[in-house]
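Student: what would the 3D arrangement of this be:
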Amino acid sequence: MKYIDLHCDTLSRLLMSGEGLASNSCQIDLDKLEKGGCGAQFFAMFMPVPRIEDPYARCLDMLANGEKEFAANADRITLCRNYSDLERANAEGKIGAFLTVEDSGIFECDIDKMRALYERGLRLVTITWNFKNKAGSPNITPEFSAEGLTPHGIEMVEEMERLGIIPDASHLSDGGFWSLVENCKKPFVASHSCARSIANVTRNLTDEMLKALANKGGVAGINYLDHFVAPRGGDMFNQNQDEGNECTLEDLASHAVHMIDVAGEDVVALGSDFDGISGWPKGLDNASCVPLVADALKKAGIPERVVEKIFYTNAARVIKDCMG
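Tutor: Purely as a prediction, here's the structure:
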């Protein structure tokens with residue numbers, strides 16, 4: 001079954017390691033993507049912004065390396081800028097690649113820098129990572145969680161929608177999420193977030209958020225990180241890191257079942273976070289194993305036609321609605 005994955009951190013790993021995209025030691029390479037049935041992979045340009053001397057320059061380096069890898073493997077993968085590109089890539093038997101930025105602090109919310117990246121293929125922006133920036137706050141403390149987007153953040157999101165860049169609420173404060181609900185005219189996404197009712201961690205979405213996201217036509221990509229799926233003890237902001245964490249594919253499927261029950265079958269997608277996570281459901285070691293997710297979803301009672309929505313159609317709809 002063909003799938004779309006809304007988030008991975010492979011480009012940053014390749015830049016650091018010097019490995020290639022065709023075959024490498026990461027959780028994602030072309031061999032693994034093809035074996036798993038990938039139709040499209042969203043590749044994040046990520047770095048811990050405050051710890052990098054010139055994050056925009058680092059982003060350009062990462063982008064250039066990604067472009068080099070796409071060109072070197074043009075018979076297997078192609079950069080996509082819209083839904084038509086994705087259709088063409090899949091018709092030719094290729095994987096579609098979409099470029100994202102994880103943390104708008106990379107371009108310091110400079111709209112001209114964002115436009116320049118758009119011209120080179122940027123099509124999704126995760127507003128914050130785990131640091132406050134000029135657009136908004138991360139969901140890491142109760143104080144930050146209450147903060148909405150800044151006026152500059154709202155201006156940036158408006159320009160993103162005009163250009164055809166998808167706003168992404170993963171990592172963003174709860175207040176920032178509701179700012180997106182209030183200000184977005186098109187769908188937005190939570191590219192790699194699960195259900196907070198099942199796993200009470202800040203990175204996941206409440207039932208009210210899931211309903212609002214569905215009403216906007218957006219999707220949440222279920223994240224494979226073990227403690228977002230089967231949480232350790234502790235409250236939402238303070239997980240017990242010493243507590244063991246057995247995590248299964250059945251646990252992952254339970255998030256999809258809950259999200260469908262709460263907000264409908266159009267809101268669920270995949271957002272693996274591969275190459276950015278330290279633990280995952282047993283057996284889901286890399287992109288070649290993604291068919292096991294489909295098996296788990298069906299075993300949980302989700303009909304195959306809905307599994308196909310989760311794997312591909314829901315995300316494809318958002319791509320078409322936002323990018324054209």
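Student: low-confidence ranges in the stretch 151-300 of the chain?
Tutor: With pLDDT under 70 as the threshold, the stretch 151-300 of the chain has low-confidence stretches at 232-245.
Student: change it to 90
Tutor: By pLDDT under 90, the weakly predicted segments of the stretch 151-300 of the chain are 231-246.
Student: all strands of it, in order?
Tutor: Taking DSSP state E, counting those that start in this stretch as the criterion, the stretch 151-300 of the chain carries its strands at 166-168, 189-190, 219-222, 234-235, 238-239, 268-270.
Student: pairing partners for the third one, with directions?
Tutor: Applying DSSP bridges, strand 219-222 is found paired with strand 189-190 (parallel), strand 268-270 (parallel).
Student: on that earlier part again, so which of the strands of the stretch 151-300 of the chain comes closest to Trp129?
Tutor: strand 166-168 (10.7 Å; C-beta to C-beta). In this view, the C-beta of every residue, glycine as well, is placed from N, C-alpha and C.
Student: which parts of stretch 285-304 are buried?
Tutor: By neighbour count, with 16 or more other C-beta atoms under 10 Å as the criterion, the buried positions of stretch 285-304 are 286-290, 292-294, 296-297, 300, 302.
Student: endpoint to endpoint, it covers what distance?
Tutor: 23 Å (C-alpha to C-alpha, to the nearest Å).
Student: next one: stretch 302-321
Tutor: Stretch 302-321: ends 25 Å apart by C-alpha to C-alpha.
Student: and if you look at stretch 170-190?
Tutor: End to end - C-alpha to C-alpha - stretch 170-190 spans 5 Å.
Student: how many neighbours does the closest residue to Ala220 other than its chain neighbours have?
Tutor: Excluding its sequence neighbours, the residue lying closest to Ala220 (C-beta to C-beta, 6 or more residues apart in numbering) is Ala190, at 4.3 Å. Counted with other C-beta atoms under 10 Å, residues neighbouring Ala190 total 32.
Student: hang on, the earlier thing: can you list the buried residues of stretch 285-304 in CSV and add distance to Glu159?
Tutor: Shown next, in CSV, are the buried residues of stretch 285-304 (distance: C-beta to C-beta, whole Å):
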residue, distance to Glu159
Asn286, 36
Ala287, 32
Ser288, 38
Cys289, 38
Val290, 34
Leu292, 40
Val293, 35
Ala294, 37
Ala296, 39
Leu297, 36
Ala300, 40
Ile302, 37
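Student: surely Ile154 touches Asn183?
Tutor: Yes - here Ile154 reaches Asn183: they are 5.4 Å apart, a contact under C-beta atoms under 8 Å.
Student: to Ile127, which of the strands paired with strand 219-222 lies closest?
Tutor: Of those, nearest to Ile127 by C-beta to C-beta is strand 189-190, at 10.7 Å.
Student: re the thing from before, most tightly surrounded among the strands of the stretch 151-300 of the chain?
Tutor: Comparing the strands of the stretch 151-300 of the chain by mean neighbour count (mean count of other C-beta atoms under 10 Å), strand 189-190 comes out on top with a mean of 32.
Student: for the stretch 201-324 of the chain, what spans make up the helices?
Tutor: Per DSSP state H, counting those that start in this stretch, the stretch 201-324 of the chain carries helices over the ranges 207-215, 226-229, 249-263, 291-299, 304-308, 314-323.
Student: flag every buried residue along the third one.
Tutor: Within helix 249-263, the residues that count as buried by 16+ other C-beta under 10 Å are 249, 251-260, 262-263.
Student: quick check: closest non-adjacent residue to Glu246.
Tutor: Closest residue in space to Glu246, ignoring its immediate chain neighbours: Ala230 at 6.7 Å, by C-beta to C-beta, 6+ apart.
Student: in JSON lines: the strands paired with strand 219-222, plus distance to Ala22.
Tutor: Formatted as JSON lines, the strands paired with strand 219-222 follow (distance: least, C-beta to C-beta, whole Å):
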{"stretch": "strand 189-190", "distance to Ala22": "28"}
{"stretch": "strand 268-270", "distance to Ala22": "22"}
